[in-house]
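Participant: attaching a predicted model along with its sequence, questions to come.
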Amino acid sequence: MRKGTALLGTLILVMGLSGCGQVKTELMPVTLEAYERAAYETTEVLKGDITPKLDLNLSAANKENVKYTPPYDGIQVDKVYVQAGDLVKQGDKLISFKSSENEEKINEYQDELKMQQLLLEHYEKLAVTDKGTDYKEDIEQLKKDMEVTKLYIAELNEKMASYTITAEGTGVVETVSDLVNYEKVDMKDKLLYVCYNTGEYYTNCTDDYPFVIGETYMATYRDIECEMELYEIEETDHEKTLYFRAKDLGQVVLANYMDLHIQKTSIKDAVYVEKEALLQIEDKNYLFTLNEEGFKQAHEVEVGNWIDGYVVIKSGINPGDRVVIVE
């Protein structure tokens, strides 16, 4: 940044009034210090082959953290099937609760159903051997009773299913509360947290890279690499939205974001410079050189790709020129 010209002087004005109203003025000499030129950090405009890289940040499209609580108040945990960090799939058991009363009722109805079945078989045999007695009405009533008993068992089994929490999709168990060890738990108690992820990600892109549906691209999450398949592209006049699906969901189930890097075709004999030398004002771009006196001179330039801290210059500056770092 140019240091301002230092101007130091002393100007003393002595004014006196005479009796007839005349003003007498004495001017003292002004002393000016020598102009001090600014010192600028510069960098060279380069020329050579350079490989553009397209960097995309993928966002999870369907990621959800789900908490699980007991289905009823005052019940006891029977068994915990998972621990923190476990990968689960849809339908996997997470936790079950004890229901002695329902279990006893189911056992009673099942015993009753067995007795009804035995009695039905007995009547059916009598109907064959004892032709003088009509057992049809008894047999029909037993069949109706058995259907009612089966309905009771089905209802109780359905209720018992609510005593078991199962996974809603593919996810990772984040936490298991110590409350699972309590004698009784209530509906307000948060026992489990599971993070679900469908493995679908999206990003917006204005680059002209020729993406192809069905092709796979390598993305990273922390130190993990995962193949991502492009399955849909939505295009507008100004940009496109890209939709990817993870090949191995287990690797990225916890990832809110993923980084995807694509190496593009190298640009031959490109003119480029450090991005910190470029000044952008509205829709115009400038580089600054220094003249022989050390003053900045602006050059409007046309820019191309931004590549790893450099910007390609299409016109407006020459390779080998030294330009000022402005940032």
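Facilitator: Looks like it came in fine.
Participant: residue boundaries of the helices in the stretch 201-327 of the chain?
Facilitator: 249-252 (DSSP state H, counting those that start in this stretch).
Participant: do a quick rundown of the strands in it.
Facilitator: Counting by DSSP state E, counting those that start in this stretch, the stretch 201-327 of the chain has strands at residues 216-221, 224-235, 240-246, 257-263, 267-274, 279-281, 284-290, 296-307, 310-315, 322-324.
Participant: and the fifth one, what does it pack against?
Facilitator: When contacts are defined as 3 or more Cβ pairs under 8 Å, 6 or more residues apart in numbering; DSSP states H and E, strand 267-274 packs onto strand 42-44, strand 46-50, strand 296-307, strand 310-315. (C-beta placed from N, C-alpha, C; glycine too.)
Participant: just how off-centre is it within its chain?
Facilitator: Offset of strand 267-274 from its chain centre (Cα atoms, centre = their mean, to the nearest Å): 34 Å.
Participant: likewise for the third one?
Facilitator: Its chain's C-alpha centre and that of strand 240-246 lie 13 Å apart, by Cα atoms, centre = their mean.
Participant: that strand pairs with which strands, parallel or anti?
Facilitator: Sheet pairing of strand 240-246 (DSSP bridges) gives strand 200-205 (antiparallel), strand 224-235 (antiparallel).
Participant: quick check: buried residues in the last one?
Facilitator: Of the residues in strand 224-235, Cys226, Met228, Leu230 count as buried by neighbour count, 16 or more other Cβ atoms under 10 Å.
Participant: how about stretch 131-151?
Facilitator: In stretch 131-151, counting by 16+ other Cβ under 10 Å, buried: Tyr135, Asp138, Ile139, Leu142, Met146, Thr149.
Participant: dump that stretch to CSV, restricted to CA.
Facilitator: The C-alpha trace of stretch 131-151 is given here as CSV (Å, rounded to 0.1, in the frame of the first residue of the first chain):
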residue,chain,number,x,y,z
LYS,A,131,-73.9,-91.3,11.9
GLY,A,132,-76.9,-91.0,14.1
THR,A,133,-75.8,-87.7,15.6
ASP,A,134,-75.4,-84.4,13.8
TYR,A,135,-72.2,-82.6,14.8
LYS,A,136,-72.2,-80.0,12.1
GLU,A,137,-73.4,-77.2,14.3
ASP,A,138,-70.8,-78.0,16.9
ILE,A,139,-68.0,-78.1,14.3
GLU,A,140,-69.1,-74.7,12.8
GLN,A,141,-69.2,-73.1,16.2
LEU,A,142,-65.7,-74.4,17.1
LYS,A,143,-64.3,-73.0,13.9
LYS,A,144,-65.8,-69.6,14.7
ASP,A,145,-64.4,-69.7,18.2
MET,A,146,-61.0,-70.6,16.8
GLU,A,147,-61.1,-67.6,14.4
VAL,A,148,-61.8,-65.3,17.4
THR,A,149,-59.0,-66.8,19.4
LYS,A,150,-56.6,-66.3,16.5
LEU,A,151,-57.7,-62.6,16.2
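Participant: could you shift the numbering so residue one becomes 34, and keep it that way?
Facilitator: Understood, numbering begins at 34; the last thing we discussed is stretch 164-184.
Participant: quick one: mean pLDDT for it?
Facilitator: Averaged across stretch 164-184, pLDDT comes to 90.
Participant: contacts for it next, please.
Facilitator: Tyr142, Glu145, Leu146, Gln149, Gln150, Leu152, Leu153, Tyr156, Glu157, Leu159, Ala160 (Cβ atoms under 8 Å, 6 or more residues apart in numbering).
Participant: need the three-state assignment for Val115.
Facilitator: What DSSP: H, G, I helix; E, B strand; the rest coil gives for Val115 is coil.
Participant: residue contacts, Val115?
Facilitator: So Val115 contacts Val121, Asp125, Leu127, Ile128, Val206, Val209, Leu225 (Cβ under 8 Å, 6+ apart).
Participant: helix or strand for the fourth one, which one?
Facilitator: Yep, that's Ile128 we're talking about. Following DSSP states H and E, one finds Ile128 within strand 126-130.
Participant: who are the packing partners of that strand?
Facilitator: On a contact count with 3+ Cβ pairs under 8 Å, 6+ apart, strand 126-130 meets strand 110-113, strand 197-199, strand 225-230.
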